[in-house]
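Student: pasted the sequence and its predicted model underneath.
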Amino acid sequence: MISLFWRQCMRDLLLVWREFRHLLNASLFFIMVPVFFALTLPADSAHIRTTAPGLFWIATLFAFMLQSERLFVEDFEDGHLEQWILSGYPLYLLAGARLLVHWLSTLLPLLLLTPLIGVFFGFNRFETLVLAASLVCATPALALLCALTAAFSLGVRQRGMLMALVVLPLAVPVMIFGSGAVSAAIAGQAVSGLLALLLAASLLAIILLPFAIAGALRVRVAG
C-alpha cells in the first residue's frame with residue numbers, strides 16, 4: 001500500500017510539473033490581492049499592518065480554491081477515476097496521494113512569497129515567521145475542504161460558483177484563527193494557542209475528509 005501511495009504521488013508530481021502554469025496563476029493571485037489592496041491606502045496609513053492578516057488569508061483561500069477547481073476534472077473526464085475504483089485499491093489512498101501533492105505544490109510557492117509580503121507590509125522577522133507557520137498549520141484543512149467541494153462539483157457547469165458557496169462558510173473558522181495568529185504576533189501577544197487550534201483543525205480534516213472525498217468521487221462516477 002505504501003509503494004502504491006508513493007507511485008501515485010510520483011505520477012501526480014509529473015502532472016503538476018506539466019501544468020506548471022496553473023501554479024503560477026495561483027501564486028500571482030496570492031501576491032496580487034494584498035499588494036494591490038495595500039496600494040490603495042496611504043503609504044503612512046496605520047491600517048496597512050492591521051488589515052494585512054485578513055488580506056493574507058483571503059488571498060490564501062482563493063489561491064487554494066483556484067488551484068483546486070480542476071483537481072479531479074481531467075481524471076473524471078478521461079475515465080481515470082473509474083479505473084481507480086475498479087482497481088480494488090482503497091480510493092481514499094489514491095485520492096490521498098493526489099491531495100498530498102496538491103497541498104505541497106500549492107503551499108510551497110506561497111511560502112516562498114510570504115517573506116515578500118512580510119517586507120511589503122513592514123513585518124519583522126518574528127511576524128513573518130508566524131505568517132509562514134500559520135500557513136503550514138492551516139492550509140491542510142483549506143486544501144481538503146476545497147478538494148471535497150471539487151469532488152462534489154464534478155460534472156457541474158458552474159463549478160467555481162459552487163465551490164465558492166460551499167467552501168467560504170466552512171473556511172471561516174480557519175481564516176479567523178489564521179489571521180488572529182498573525183494579528184496576535186503584530187500585537188506582541190502569544191500565538192501558540194491559535195497555531196495549535198489551526199493544527200488541530202488540519203489534523204481533524206486529515207483524519208476525516210479523505211474518506212468523505214473518496215465517497216464523493218464514487219457518487220459522481222456512479223452518477
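Tutor: Alright, I've got the coordinates. Residues are numbered from 1 along each chain as shown.
Student: residue 206 - nearest residue in space that isn't next to it in sequence?
Tutor: Nearest non-adjacent residue to residue 206, counting by Cβ to Cβ, 6 or more residues apart in numbering: residue 140, 5.9 Å away. Using the backbone N, CA and C atoms, a C-beta is placed for each residue, glycine as well.
Student: name the element the one you found belongs to?
Tutor: helix 125-152 (DSSP states H and E).
Student: I'd like to know which elements that helix is packed against.
Tutor: Here helix 125-152 touches helix 47-68, helix 91-120, helix 159-186, helix 192-222, going by 3 or more Cβ pairs under 8 Å, 6 or more residues apart in numbering; DSSP states H and E.
Student: next, the angle from the longest one to helix 91-120.
Tutor: Read it as helix 192-222. Relative orientation of helix 192-222 versus helix 91-120 (axes from the mean of the first three to the mean of the last three Cα atoms, to 10 degrees): 140 degrees.
Student: packing partners of helix 192-222?
Tutor: helix 80-86, helix 91-120, helix 125-152, helix 159-186.
Student: to residue 57, which of the ones you listed lies closest?
Tutor: Closest of the helices and strands packed on helix 192-222 to residue 57 is helix 159-186, at 4.5 Å (criterion: Cβ to Cβ).
Student: any idea of the angle the closest one forms with helix 125-152?
Tutor: 160 degrees.
Student: how far off helix 47-68 does helix 159-186 point, in degrees?
Tutor: 140 degrees.
Student: which strands and helices sit next to helix 159-186?
Tutor: Going by 3+ Cβ pairs under 8 Å, 6+ apart, helix 159-186 lies up against helix 47-68, helix 125-152, helix 192-222.
Student: which among the ones you listed is found nearest to residue 168?
Tutor: helix 47-68 (7.7 Å).
Student: so how far is that closest one from its chain's centroid?
Tutor: 11 Å (Cα atoms, centre = their mean, to the nearest Å).
Student: buried set for it?
Tutor: 48-49, 51-68 (16 or more other Cβ atoms under 10 Å).
Student: and the following helix or strand past that helix, what does it pack onto?
Tutor: Using DSSP H and E, the next helix or strand after helix 47-68 towards the C-terminus is helix 73-77. Other elements packing on helix 73-77 under the criterion 3+ Cβ pairs under 8 Å, 6+ apart are helix 80-86.
Student: tell me the mean pLDDT for the helix it packs on?
Tutor: The average pLDDT for helix 80-86 rounds to 82.
Student: ditto for stretch 11-24
Tutor: 76.
Student: okay, how far is it across that stretch, tip to tip?
Tutor: Terminal residues of stretch 11-24 are spaced 20 Å apart (Cα to Cα, to the nearest Å).
Student: for the nearest residue to residue 98 once chain neighbours are set aside, pull up the helix or strand it's in.
Tutor: Sequence neighbours aside, residue 12 is the residue nearest to residue 98 in space, at 5.3 Å (criterion: Cβ to Cβ, 6+ apart). In this structure, residue 12 sits in helix 2-18 according to DSSP H and E.
Student: so which bits of the first helix or strand past that helix going along the chain are buried?
Tutor: Downstream of helix 2-18, the next assigned helix or strand under DSSP H and E is helix 20-39. Going by neighbour count (16+ other Cβ under 10 Å), the buried part of helix 20-39 is 22, 23, 26, 27, 30, 31, 33, 34, 37, 38.
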